[in-house]
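Undergrad: generate coordinates for the sequence data below:
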Amino acid sequence: MNYKYQLLRYMPNRLSGEAYNLAVLLYDGGGGLVDARFTPDFVRLRSNPLADLAYLHTLRQEFEDRRLAGEGFSHYVEELGRDLSQALQLSEEKFFLGGEALEEVEQLAKIYLATPRRAELGRPAESRPGTRRWVLGRMRETFELYHLAGRLEPEVAVGGFVSPRFSFHVDYAYKPNGTTNYLHALSLEHDVADAGRLCFVFDRIRAQAPAAMTAVVADGIPEDTRTLLASSQIQAWPVSKLDELALQVREQLGL
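TA: Next comes the predicted model:
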């Protein structure tokens, strides 16, 4: 059968051009809506401080309620396409020959919406060096080795410093002598974007409370990224010297 599909995409900041797939819309050859799927999670968006997760959760609930109700869903999608907010966009239409509609929409959802799991990426033991997951994994291993895992607060929400709808989490925090110290892993591949987001977060944290931030980075991170971090008083710490960082944290905690 002849099909075409479009992706409903979300752009937290149009100036950056960064967009995230929210839903896939499957149409028959005549342009009639056959089926649709909304993303099952917002894992990728959690790291973007400008993402309005409250709005996205509301949109997903509305989308799924209308889809499951069936009647009027095509009209709802048409209205959604006509009345896109500044943060939403529809991709270009793409045509293909396919089989049973349910199988096709599920396959499209798997390709464009699902967050890949570690086993699916073919790296069950260790992530690729330089990625944020790899740096974070090295941090976890080192903190466990130095018996810090139970002394550090993981996945620290910082929405209270920015907005109730703000979803960014810092990897670790600890509070010796009244000053909260934050530790966060950065990706070598997306260093400038990740550093910019971290600066955005930390500028607002330290404007309201005593705080310090250390960004754990892969060795070889560009100098302009270090300069960007330093502009917000964030210390760049190479992953190769995590042992020294762990000893420093132990000393600050009086261990």
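
Undergrad: every contact and neighbour count from this point should use C-alpha atoms.
TA: Will do.

Undergrad: and for G178, the neighbour number?
TA: Burial of G178 is recorded as 10 neighbouring residues (other Cα atoms under 10 Å).

Undergrad: same question, L90
TA: L90, neighbours per other Cα under 10 Å, totals 18.

Undergrad: was I right to think it contacts Y5?
TA: No: with contact defined as Cα atoms under 8 Å, L90 does not reach Y5; the gap is 10.2 Å.

Undergrad: can you give me the helices for the stretch 151-255 of the chain?
TA: Secondary structure of the stretch 151-255 of the chain (DSSP state H, counting those that start in this stretch): helices at 191-206, 223-231, 242-252.

Undergrad: so which residues make contact with the second one?
TA: So that's helix 223-231. Helix 223-231 is touched from outside by 191-192, 195-196, 199, 235-236, with contacts defined as Cα atoms under 8 Å, 6 or more residues apart in numbering.

Undergrad: let's see it at 6 Å
TA: Contact with helix 223-231 is made by V192, as judged by Cα atoms under 6 Å, 6 or more residues apart in numbering.

Undergrad: go on, the longest one?
TA: With Cα under 6 Å, 6+ apart as the contact definition, helix 191-206 has outside contacts at 161, 225, 232.

Undergrad: what's the answer for the last one, then?
TA: The contact list for helix 242-252 (Cα under 6 Å, 6+ apart) is empty.

Undergrad: for it, C-alpha coordinates in PDB please.
TA: The C-alpha trace of helix 242-252 is given here as PDB (Å, rounded to 0.1, in the frame of the first residue of the first chain):
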ATOM      1  CA  LEU A 242      38.800  11.600  38.900                       C
ATOM      2  CA  ASP A 243      40.800   9.900  41.700                       C
ATOM      3  CA  GLU A 244      42.000  13.400  42.800                       C
ATOM      4  CA  LEU A 245      38.500  14.800  42.600                       C
ATOM      5  CA  ALA A 246      37.200  11.900  44.800                       C
ATOM      6  CA  LEU A 247      40.000  12.600  47.400                       C
ATOM      7  CA  GLN A 248      39.100  16.300  47.400                       C
ATOM      8  CA  VAL A 249      35.400  15.500  48.000                       C
ATOM      9  CA  ARG A 250      36.300  13.200  50.900                       C
ATOM     10  CA  GLU A 251      38.500  15.900  52.400                       C
ATOM     11  CA  GLN A 252      35.700  18.500  52.100                       C
END
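
Undergrad: below-threshold pLDDT in the stretch 101-250 of the chain: ranges please.
TA: Across the stretch 101-250 of the chain, the ranges flagged by pLDDT under 70 are 116-127, 164-167, 190-191.

Undergrad: so which residues of the stretch 51-200 of the chain form strands?
TA: Along the stretch 51-200 of the chain, counting by DSSP state E, counting those that start in this stretch, strands occupy 88-90, 94-97, 153-157, 169-174, 180-185.

Undergrad: and L53, how many neighbours?
TA: If you count neighbours by other Cα under 10 Å, L53 ends up with 17.

Undergrad: looking at it, Y10 is touching Y20, isn't it?
TA: Yes: contact criterion Cα atoms under 6 Å: Y10 and Y20 qualify, at 5.1 Å.

Undergrad: returning to what we had before: out of the strands of the stretch 51-200 of the chain, deepest packed?
TA: strand 180-185 (a mean of 21; mean count of other Cα atoms under 10 Å).

Undergrad: mind listing the strands it pairs with, and their directions?
TA: strand 169-174 (antiparallel), strand 211-217 (parallel) (DSSP bridges).
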